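Enquirer: Need coordinates for the below:
(one chain, ligands or ions: 2)
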Amino acid sequence: MAAWVEGRVAGKRHWTQALVSLQVAAPEVTFAAGQFGRLALPAPPGHNEPMIGRPYSFVNPPDAQPHEFYFIVVPGGPLTPRLAALAVGDPVWLAPRANGFFCVGEVPPADVLWCLATGTGLGPFLSMLRTPEPWSRFQRVVLVHAVRRAEELTYRDEIAGIGRAQPGAFAYVPMVSREAQPGALAGRIPAAIADGRLEAAVGIALSAENAHAMLCGNPAMVDDTQQVLAARGMRRHRRKEPGHVTVETYW
Ligand SMILES: Cc1cc2nc3c(=O)[nH]c(=O)nc-3n(C[C@H](O)[C@H](O)[C@H](O)COP(=O)(O)OP(=O)(O)OC[C@H]3O[C@@H](n4cnc5c(N)ncnc54)[C@H](O)[C@@H]3O)c2cc1C
Ligand SMILES: NC(=O)c1ccc[n+]([C@@H]2O[C@H](COP(=O)([O-])OP(=O)(O)OC[C@H]3O[C@@H](n4cnc5c(N)ncnc54)[C@H](OP(=O)(O)O)[C@@H]3O)[C@@H](O)[C@H]2O)c1
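Expert: Ligands and ions are numbered 1, 2, ... in the order given. Model (predicted):
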């Protein structure tokens, strides 16, 4: 199998200067909702590998084309400034196979699925929640998107569409940590769990008895949230030892 499949940029959206969604036509690449692929560009001369590739979660549901990826431009990063500079029609390379176990199918039975994301960690949830599976597996699904600034609360139309498609089963909680934003919770996810504000916002308890939590994004958020959940008896899920918490860290 070839190391890379050549795709083509089919669309691009700059949500802010740093937040970009890239649509890529590469129909031969398939995945399960929640998985990540790899995007790559040719390495500059003198680099020891021919291509520079990094993992990115699929944002589109598996039955929708083109593929979509949502990323933040890391200043000085070897790949993201170049991905952000691509134009429609430009080539971009993808790994032929998707990877990862951050999928609803890996989650054991629970009443409520809590999807907790920071920043671009929203992406895999947008894919999962636009498939039928979570809605047949859980009575309620809560999506929390925690960002620094209100302008980073992206994909609001898609999230509203999920709410319309799943009336009564879906709750969305935006969180903004670095400015006051009406309608959003203030601060960080672990603190809002610890002091009960998150549960109060949706009117649902978050406990080992009824819930499974999927955490995605900033590794410090993933660590801190796991600690708060552990205090409630919620432990990391493993295939051989079912638990209540599934994680994907982005760096
Ligand atoms: C399984 C997996 C899935 C991923 N999916 C995504 C995704 O869907 N979207 C995405 O933006 N990134 C994602 N990443 C991170 C991505 O692979 C790159 O690391 C990132 O885009 C930076 O690439 P770079 O080469 O420009 O900079 P690098 O030199 O690789 O920069 C690394 C540094 O940038 C910061 N950083 C990296 N990613 C992020 C991020 N997402 N948000 C905030 N700060 C970050 C960290 O401080 C990190 O140490 C994923 C990583 C993993 C392991
Ligand atoms: N090019 C640009 O203009 C630009 C702009 C912004 C960011 N960036 C880059 O992108 C990176 C930041 O991206 P980002 O804002 O998406 O991600 P982020 O730093 O992970 O912030 C997203 C959210 O996660 C929260 N968070 C951070 N640590 C946490 C923890 N331990 N527990 C719980 N929540 C936590 C943040 O809260 P707090 O606010 O309290 O930390 C914020 O609400 C930076 O490394 C920077 O290089 C670039």
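
Enquirer: List the buried residues for stretch 82-98?
Expert: 83, 84, 86, 92, 93, 94, 95, 96, 98 (16 or more other C-beta atoms under 10 Å). In short, each C-beta sits where N, CA and C put it, glycine included.

Enquirer: residues contacting the second one?
Expert: By that I understand residue 84. 14, 20, 71, 73 (C-beta atoms under 8 Å, 6 or more residues apart in numbering).

Enquirer: which residues of the protein fall in strands?
Expert: 5-14, 19-25, 36-42, 51-57, 67-72, 91-94, 112-118, 140-147, 170-176, 185-186, 211-217, 245-249 (DSSP state E).

Enquirer: Run a quick neighbour tally on residue 123.
Expert: 28 (other C-beta atoms under 10 Å).

Enquirer: my read: it touches residue 61, true?
Expert: No: contact between residue 123 and residue 61 fails when scored by C-beta atoms under 8 Å: they sit 11.8 Å apart.

Enquirer: show me what contacts the closest residue to residue 67 other than its chain neighbours?
Expert: Nearest residue to residue 67 in three dimensions, chain neighbours excluded: residue 24, at 4.8 Å (C-beta to C-beta, 6 or more residues apart in numbering). Contact analysis of residue 24 by C-beta under 8 Å, 6+ apart lists 7, 8, 9, 10, 39, 66, 67, 68, 69, 92, 94.

Enquirer: Specify the beta-bridge partners of residue 52.
Expert: Beta-bridge pairing for residue 52 (DSSP bridges): residue 41.

Enquirer: isn't it right next to residue 43, touching?
Expert: Yes: taking contacts as C-beta under 8 Å, residue 52 lies within contact range of residue 43: 4.9 Å.

Enquirer: With neighbour numbers in mind, choose between these two.
Expert: residue 52 (18 against 15).

Enquirer: Pick out the residue of the stretch 101-250 of the chain closest to ligand 2.
Expert: Relative to ligand 2, the nearest point of the stretch 101-250 of the chain is residue 119 (2.7 Å; C-beta to the nearest ligand atom).

Enquirer: which residues does that residue contact?
Expert: Counted by C-beta under 8 Å, 6+ apart, residue 119 has contacts 72, 146, 147, 148, 152, 217, 218, 250.

Enquirer: any idea how far it is from residue 5?
Expert: 27 Å (C-beta to C-beta, to the nearest Å).

Enquirer: so who does residue 128 touch?
Expert: Contacts of residue 128 (C-beta under 8 Å, 6+ apart): 33, 34, 103, 104, 115, 134.

Enquirer: TSV for the contacts of residue 24, including pLDDT?
Expert: Output for the contacts of residue 24, formatted as TSV (pLDDT from 0 to 100):
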residue	pLDDT
7	98
8	98
9	98
10	98
39	98
66	98
67	98
68	98
69	98
92	98
94	98
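
Enquirer: that older thread, may I ask which two of the buried residues of stretch 82-98 are separated the most?
Expert: 84 and 96 (23.9 Å; C-beta to C-beta).

Enquirer: Give me the pLDDT for the residue nearest to residue 67.
Expert: Residue 24 is assigned 98 on the pLDDT scale.

Enquirer: Residue 216 versus that one, what's the distance?
Expert: For residue 24, the distance to residue 216 - C-beta to C-beta - is 21 Å.

Enquirer: Point out where the chain drops to low pLDDT.
Expert: In the predicted model of the chain, no residue satisfies pLDDT under 70.
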